[in-house]
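Novice: From the sequence below, what's the structure:
(chains A and B)
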There are 2 protein chains.
Amino acid sequence: MPPKTAEASDTSFAKTDRNRIRRLHERGTYDKEAVFAILDAAMVCHIAYVIDGQPFCTPTAFWREGEHLYWHGSAASRMLRSQNDGLPVCLTVTHLDSLVLARCGFNHSVDYRSALCFGTAHIIDDPDHKAKLLDNMINRFYPERAASLRQSTVQELKATTVIGMEIEEAVGKVRSKGIGDEEEDYALPIYAVRFPITQVVGEGQTCVRMPHGVARPEGLSVFKPGRRLDEIMTETYGKSGL
Amino acid sequence: MPPKTAEASDTSFAKTDRNRIRRLHERGTYDKEAVFAILDAAMVCHIAYVIDGQPFCTPTAFWREGEHLYWHGSAASRMLRSQNDGLPVCLTVTHLDSLVLARCGFNHSVDYRSALCFGTAHIIDDPDHKAKLLDNMINRFYPERAASLRQSTVQELKATTVIGMEIEEAVGKVRSKGIGDEEEDYALPIYAVRFPITQVVGEGQTCVRMPHGVARPEGLSVFKPGRRLDEIMTETYGKSGL
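Specialist: Down below sits the predicted model:
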């Protein structure tokens, strides 16, 4: 771990050379609740890791339990098996909130929320812990769903790799100011606009091979057509008890 | 570069240890047009790079010109300045297309399109090339917009880092099959559903400080409220002439 320039506390991540914000125009936060809010509004993250000096960046579903993050097997699994000490990773979540079209190229931007989390990834080998985590994953995204499913077989559990890491350091970055032009540019006859961007859920397409009479579970009522996925994920996280 | 297991061609990226698909349930492609279609439908990517053995994963806007990818300055810029040979990176684009709720935990999944591109990042130092690239970036996202903007100042150009890489290898991964359960599970009384996910643009919010009479440019007519961002990006890419 790099030398700390600010110690961690109950409410803040440590500030080190690894997670320190370098660009002034980005609003950075080391506040744990702020970082968690960005993470818990997402299902998909991107994970960076290194194999023989080569960086890889893979998308995957993930979830948080306290100060730990978990995800599914990935191309890194093979590597992880041979590394007892774990693998350094950076897990990043990004929400694109708007496109910002300003009066000069320099001030074009996007509003966004992102969180970078640094830690050391380990494979969860204990079968009971793994089974519990997989239930947690299902219930985190889809409230109360795990108990309604056909139980996993021993073979399925074996074929699933679960990876976890403690968040050693993290930083959240948020831009939300919309258009920010130079004062002297506002009077120019140039069209400037902010386009909001949202990720939304559509009408659920039930499986055509479902037997008659299978009702939609109450736990899925949050998945209303047209609703924002980040809001749904925040709500389902709240219901998960994690 | 790792040893090749299949040579590159005009239409396909080389297949090597670096980009070879390892998980059978993922549909991988090395076809250039397929990879480009995934890239050109996006504005935001995630870039993995390594500094002193530590991986970083940062989101940024990017665009493609032929077999080159370009993006804006990032935390890696400082590192890049000291590395004449460039910095190995993995640039990844992901589109989340649906949530797949199957009858057992193991078959829960998401439909998605992603592309991983491997290359060596370099800073574009030539001022004319840099200025041209920045105009290309604006026009790639917002058709014909660059010419309508207040010109960049020398200071603004200096303060902007543009980074580029040739795509040395790439792989596209697509899952689009929706629900895929074990044959014996279909008869179970378990609710199974696919929720489509789309990223959409909202109603443009014009800047309140715009002088009266500034009309919306024709080039922005593709940004219709409710339209999918991936479709808009594909269309604007087509209009960019890149």
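
Novice: Next secondary structure after the lowest-mean-pLDDT helix or strand in chain A?
Specialist: Lowest by mean pLDDT, DSSP states H and E among the helices and strands of chain A is helix A:76-81, with a mean of 72. Next helix or strand after helix A:76-81 toward the C-terminus (DSSP states H and E): strand A:87-101.

Novice: quick one, that following strand and strand B:87-101 angle?
Specialist: Interaxial angle of strand A:87-101 relative to strand B:87-101 (axes from the mean of the first three to the mean of the last three C-alpha atoms, to 10 degrees): 80 degrees.

Novice: So, low pLDDT: which residues of chain A?
Specialist: Along chain A, segments meeting pLDDT under 70 span A:1-4, A:22-26, A:74-76, A:78.

Novice: Swap in 90 and give it another go.
Specialist: Within chain A, the segments meeting pLDDT under 90 span A:1-7, A:10, A:15-28, A:52, A:72-85, A:125, A:159.

Novice: Next, please give the residue ranges for the helices of it.
Specialist: Here chain A has its helices, by DSSP state H, at A:32-40, A:76-81, A:127-141, A:154-159, A:229-240.

Novice: can you put those in JSON lines and add mean neighbour count and distance to chain B?
Specialist: Heads up, the C-betas are built off the backbone N, CA and C, glycines and all. Below are those laid out as JSON lines (neighbours: other C-beta atoms under 10 Å in any protein chain shown; distance: least, C-beta to the nearest C-beta, whole Å):
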{"stretch": "helix A:32-40", "mean neighbour count": "19", "distance to chain B": "12"}
{"stretch": "helix A:76-81", "mean neighbour count": "16", "distance to chain B": "7"}
{"stretch": "helix A:127-141", "mean neighbour count": "18", "distance to chain B": "5"}
{"stretch": "helix A:154-159", "mean neighbour count": "12", "distance to chain B": "4"}
{"stretch": "helix A:229-240", "mean neighbour count": "18", "distance to chain B": "6"}
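
Novice: Is residue A:112 bridged to anything, and to what?
Specialist: Bridge pairing for residue A:112 (DSSP bridges) gives the partners residue A:96, residue A:175.

Novice: mind listing what it touches?
Specialist: Residues near residue A:112 by C-beta atoms under 8 Å, 6 or more residues apart in numbering or on different chains: A:94, A:95, A:96, A:97, A:173, A:174, A:175, B:44, B:59.

Novice: One more: residue A:63?
Specialist: Residues in contact with residue A:63 (C-beta under 8 Å, 6+ apart) are A:69, A:70, A:71, A:136, A:137, A:140, A:141, A:237, A:242.

Novice: Could you dump those into a markdown table with distance to residue B:33 added?
Specialist: Converted to a markdown table, the contacts of residue A:63 look like this (distance: C-beta to C-beta, whole Å):
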| residue | distance to residue B:33 |
| --- | --- |
| A:69 | 36 |
| A:70 | 36 |
| A:71 | 31 |
| A:136 | 40 |
| A:137 | 35 |
| A:140 | 37 |
| A:141 | 33 |
| A:237 | 39 |
| A:242 | 42 |
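
Novice: Among the contacts of residue A:112, pick out the one closest to residue B:131, please.
Specialist: For the contacts of residue A:112, the minimum distance to residue B:131 (C-beta to C-beta) is 23.2 Å, reached by residue B:44.

Novice: give me the number of residues near the closest one?
Specialist: 20 (other C-beta atoms under 10 Å in any protein chain shown).

Novice: hang on, the earlier thing: and the contacts of residue A:112, which two are the farthest apart?
Specialist: Spatially, the most separated pair among these is A:174 and B:44, at 15.1 Å (C-beta to C-beta).

Novice: okay, now residue A:218: neighbour count?
Specialist: Counted by other C-beta under 10 Å, the residues lying close to residue A:218 total 9.

Novice: who touches it in this structure?
Specialist: Per C-beta under 8 Å, 6+ apart, neighbours of residue A:218: residue A:144.

Novice: ok, now with 10 Å
Specialist: A:143, A:144 (C-beta atoms under 10 Å, 6 or more residues apart in numbering or on different chains).

Novice: What of residue A:214?
Specialist: Contact partners of residue A:214, counting by C-beta under 10 Å, 6+ apart, are A:206, A:207, B:188, B:189, B:190, B:191, B:192.

Novice: what two of those residues have the greatest distance between them?
Specialist: Using C-beta to C-beta, the contacts of residue A:214 reach their maximum pairwise distance at A:206 and B:188, which is 14.1 Å.

Novice: Just give the nearest non-adjacent residue to residue A:56, would you?
Specialist: Once flanking residues are discounted, residue A:56 sits nearest to residue B:90: 5.2 Å by C-beta to C-beta, 6 or more residues apart in numbering or on different chains.
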